[in-house]
Every structure is written in C-alpha cells, then in structure tokens.
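Peer 1: have a look at this prediction, sequence included:
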Amino acid sequence: MATSCFADRLAKHVPLSDAEKKALTRLEENPRKVKRGAMIQRVNETVTELFVLREGRVMSFVILPDGSRQILRVYFPGDFIGSASTIYNRAPESLVALSDSIICPFDKHALRRLLEEYPRVAALLFLLSNAERVALTDRLASLGRTSAKARVASFLLDIFDRLRVTDDGITDSFDLKLTQEEIGDAIGLTSVHVNRMIRQMEQEGLISRANGRITLRDMARLEEIGHYTNRHKDMDLDWLPGME
C-alpha cells in the first residue's frame, strides 16, 4: 500500500484501518512541487482545491490595512491545509511556500466522500481542527496580553511540539527554518525585537542556536515564561467512533 503522510499524522492519535489509510492516500495521488516563495492561493480567490502538505513548509497569512503581514499558521508535512476554506467559496487567507515543498491538491468533493464513508476520520479531523483553533486562540490572547519574550518562547514551544507529533526523533532541538521577520509576523513583533529576545534567551541559557537549529535548554522555564500549554497532546479520544 502506498504511504500517506496525512494518514501517518492521523495515526499518531488513533490506529487507522487499512481502508481508512487507503482512502487518505487517495488525497495525495497528485503531488505538485512548488518553489520557496510560490503563491499557492490568494485571499478572495475562488477555492477550487484543498491540500495535504507532503514535504516542506507552507504558511497562511493575510495583509492588514496598513500593509503589514499577519502570519496565521505555519504548516508542516502531514498537515491538512485549507480547513478554513471548506466553508467558503472564496479563500479567507493566502498560502505561500516557505521552502521548496510538495503539496497534494484535492477538491472538496473528495473530502466529502472521505467524510461520508469514514465517519471516524471525520471525527478525528473535527478534533484536530478544534485543537488548532484552541492553539490559535492561545496565540491571539498572547498578542495583546504578554511580553515580547513570552510570545517568542510560546511560539518556539508550539513549533517544537507540533514537529514532535510526527517526528519521534525530536527530543530537545529542531530546525527552525523561519526568518526572524517571519517569526515577528506571526507574533506581532519586528524582526529586530525578535532578534533581541532570542539573543536574550540564549544569554540566559534557555535556548541555543547552531546551523539553523534551535535547542531548548530549559523547557520548564520557557513554558513558564511563555504561559504555554501544549495543545497537541492529552486529547480526549474516548468519544471517537470505534474502528470498523
């Protein structure tokens, strides 16, 4: 059976049947390579495709009235991209590749068939969509109520925990693969301010950097500084339908 990075991601939460894996694999039958910086979707365009990200990184964003950019979400391999677009005819956000990537487009009708035939997968997607919503709510609250240092700490921890969902080899370090400008656009800071906070956390022994990798030296302290809660674990899965 061909492998599906989307199925692998979902299987980290609950075991999947062979039929469910096969159905999820069908969503990835038409992979498309995109270069770093390529626009995948523009805000207000008619939505014709949803996506699974197989390789690389993609971000969603909007341009604010003053011309500044607000990054809404950074996507990693195995992520379903476009859940916000399932309820609208026009895209509520733009999508751009942060690195050379492979995306797997599929239409809404393919998603409808998946949800009709496999209600357990539908329930799991509902659960993960709500976990994402809660994580975004946490970041929204932090933008207005926490310090710059807290925002950077929380952002780094969230990236770390999301990457660990699908990569068991990650223990305390990860490839950031984001510029300081991109981090700032996600958490409402200038790149200069982000740089200052990262250097301060290095000096305090909270993190270290080498060759683009971030190592979290004192996770407990970072969680305290960032008022951070890991929204990607300890999910209540008992209510999900059983495997058929």
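Peer 2: Perfect, thanks for sending it. Predicted model only: the values in this text are computed from it and were never measured. Numbers count the residues shown, from 1 in each chain.
Peer 1: sketch out the low-pLDDT regions of the chain for me.
Peer 2: When residues are selected by pLDDT under 70, those of the chain lie in 1-2, 244.
Peer 1: now do the phi/psi pair for the most centrally placed residue in the chain.
Peer 2: In the chain, the C-alpha closest to the average C-alpha coordinate belongs to Tyr75, at a distance of 3.6 Å (CA atoms, centre = their mean). According to degrees, to the nearest 10, the main-chain angles of Tyr75 amount to phi -110, psi 140.
Peer 1: now for the residue nearest to it when sequence neighbours are not counted: which residues touch it?
Peer 2: Distance criterion CB to CB, 6 or more residues apart in numbering; nearest residue to Tyr75, sequence neighbours excluded, is Val58 at 4.5 Å. C-beta: built from backbone N, CA, C; applies to glycine. Shown in contact with Val58 (CB atoms under 8 Å, 6 or more residues apart in numbering): Ile40, Phe51, Val74, Tyr75, Ile81, Leu95, Val96, Ala97, Leu98, Ser101, Ile103.
Peer 1: same deal with Thr3?
Peer 2: By CB under 8 Å, 6+ apart, the contact list for Thr3 reads Thr25.
Peer 1: could you do Glu132 as well?
Peer 2: Neighbours of Glu132 in contact, by CB under 8 Å, 6+ apart: Arg73, Ser83.
Peer 1: which strand or helix spans it?
Peer 2: Glu132 is part of helix 119-145, with elements assigned from DSSP states H and E.
Peer 1: now the strands for this protein?
Peer 2: If you assign secondary structure with DSSP state E, the strands in the chain sit at 32-34, 39-41, 50-55, 58-63, 69-75, 80-81, 94-97, 101-106, 173-175, 207-210, 213-216.
Peer 1: quick check: neighbours of the fourth one in the sheet, parallel or antiparallel?
Peer 2: Within its sheet, and counting by DSSP bridges, strand 58-63 is paired with strand 69-75 (antiparallel), strand 94-97 (antiparallel).
Peer 1: who wins for proximity to Phe174 among those?
Peer 2: strand 69-75 (12.3 Å; CB to CB).
Peer 1: now that closest one: buried residues?
Peer 2: In terms of neighbour count (16 or more other CB atoms under 10 Å), strand 69-75 has its buried residues at Arg69, Ile71, Leu72, Arg73, Val74, Tyr75.
Peer 1: stretch 120-128 too?
Peer 2: Neighbour counts using 16+ other CB under 10 Å place Arg120, Val121, Ala122, Ala123, Leu124, Leu125, Leu127, Leu128 of stretch 120-128 among the buried residues.
Peer 1: what does that stretch contact?
Peer 2: With contacts defined as CB under 8 Å, 6+ apart, stretch 120-128 is touched by 10, 13-14, 16, 20, 23-24, 80, 83, 114-115, 235, 237, 239-244.
Peer 1: could I have it exported to PDB, CA atoms only?
Peer 2: What follows is stretch 120-128, C-alpha atoms only, in PDB (Å, rounded to 0.1, in the frame of the first residue of the first chain):
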ATOM      1  CA  ARG A 120     -14.100   8.100  12.400                       C
ATOM      2  CA  VAL A 121     -11.700  10.000  10.100                       C
ATOM      3  CA  ALA A 122     -14.300  12.800  10.000                       C
ATOM      4  CA  ALA A 123     -14.500  12.900  13.800                       C
ATOM      5  CA  LEU A 124     -10.700  12.900  14.100                       C
ATOM      6  CA  LEU A 125     -10.400  15.900  11.600                       C
ATOM      7  CA  PHE A 126     -13.000  17.700  13.700                       C
ATOM      8  CA  LEU A 127     -11.000  17.100  16.800                       C
ATOM      9  CA  LEU A 128      -7.700  18.200  15.300                       C
END
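Peer 1: before we move on, back to that, quickly list what the residue nearest to Tyr75 is bridged to.
Peer 2: In beta-bridge terms (that is, DSSP bridges), Val58 pairs with Tyr75, Ala97.
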